[in-house]
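Chemist: Need a 3D model of the following:
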Amino acid sequence: PILDSMIIIASTEQNKIIAINIKRSVEHLLQRSFAPGFKLYDKTSNLISLSDYRGKYVYLNFVSYQSGASRRELSLIPELQKEFKNKIVFVSISVDENFSNFLELTLNNNYDWEFLSINNQTDILKYYKVKSFPTCFLIDPYGKLILIPAKLPSEGFNNQFYRILNAVN
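Modeler: Numbers count the residues shown, from 1 in each chain. Predicted coordinates:
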């Protein structure tokens, strides 16, 4: 409300623009704000959009094949899939230039969730303020961020998600 008031009462167009930019910066990636959208390619070269998952919880994780921590956390996702069945979808975005490494990893480990290639669209890292890998987020069925960041699977994401599901029911 204060930032909205600043925009309304700005005495010059320049001050109004400054107030709008401050508001965008402050509100960017706040809990309950809309998750930044994206359109990225999957392992079969289909263009996938974040909006394709509307109506479902999305565990979005940014990973790097070169990161041992990323590979370790990915190995825990199959257990979460079994635990939560149809309550959530898992989407992993590979930031590596060589997406084929991730494709091989998915095949060798029978990973059956969505893997997307950042494919030089690195602006998405800026939009989500990703600085290290893995970094995870939970998005609600309406496309809003509810965990920024979400816990990693090894840190007890399942307990975090159970609390959210229980609060909704």
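
Chemist: Beyond the lowest-mean-pLDDT helix or strand in the chain, next helix or strand please.
Modeler: Least confident helix or strand of the chain, by mean pLDDT, DSSP states H and E, is helix 13-27 with a mean of 69. Counting by DSSP states H and E, the next helix or strand C-terminal to helix 13-27 is strand 39-42.

Chemist: and that following strand, how far from the chain's centre?
Modeler: Strand 39-42 has its average C-alpha position 14 Å from the chain's average C-alpha position, going by Cα atoms, centre = their mean, to the nearest Å.

Chemist: So that it lines up with my notes, have the first residue be 32 from now on.
Modeler: Sure, I'll start counting at 32 from here, so that last one is strand 70-73.

Chemist: buried sites along that strand?
Modeler: Going by neighbour count (16 or more other Cβ atoms under 10 Å), the buried part of strand 70-73 is Leu71. C-beta here means a position set from N, CA and C on the backbone, and glycine is covered the same way.

Chemist: May I have the beta-bridge partners of the residue nearest to the spatial centre of the chain?
Modeler: Nearest to the geometric centre of the chain sits Leu91, at 3.6 Å (Cα atoms, centre = their mean). Here Leu91 sits in beta bridges with Val122, Phe168, going by DSSP bridges.

Chemist: ranges for the strands of the chain?
Modeler: Secondary structure of the chain (DSSP state E): strands at 70-73, 78-80, 88-94, 119-125, 145-148, 166-170, 176-178.

Chemist: what stretches of this protein score poorly on pLDDT?
Modeler: 32, 34-35, 51-63 (pLDDT under 70).

Chemist: count of residues packed around Lys160?
Modeler: 12 (other Cβ atoms under 10 Å).

Chemist: OK, contacts around the nearest residue to Val94 once chain neighbours are set aside?
Modeler: The spatially closest residue to Val94, leaving aside those adjacent along the chain, is Ser101, at 3.8 Å (Cβ to Cβ, 6 or more residues apart in numbering). Shown in contact with Ser101 (Cβ atoms under 8 Å, 6 or more residues apart in numbering): 94-95, 164-165.

Chemist: any chance of the strands of the chain in a markdown table, with distance to Ala50 too?
Modeler: Converted to a markdown table, these look like this (distance: least, Cβ to Cβ, whole Å):
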| stretch | distance to Ala50 |
| --- | --- |
| strand 70-73 | 31 |
| strand 78-80 | 31 |
| strand 88-94 | 31 |
| strand 119-125 | 33 |
| strand 145-148 | 36 |
| strand 166-170 | 28 |
| strand 176-178 | 23 |
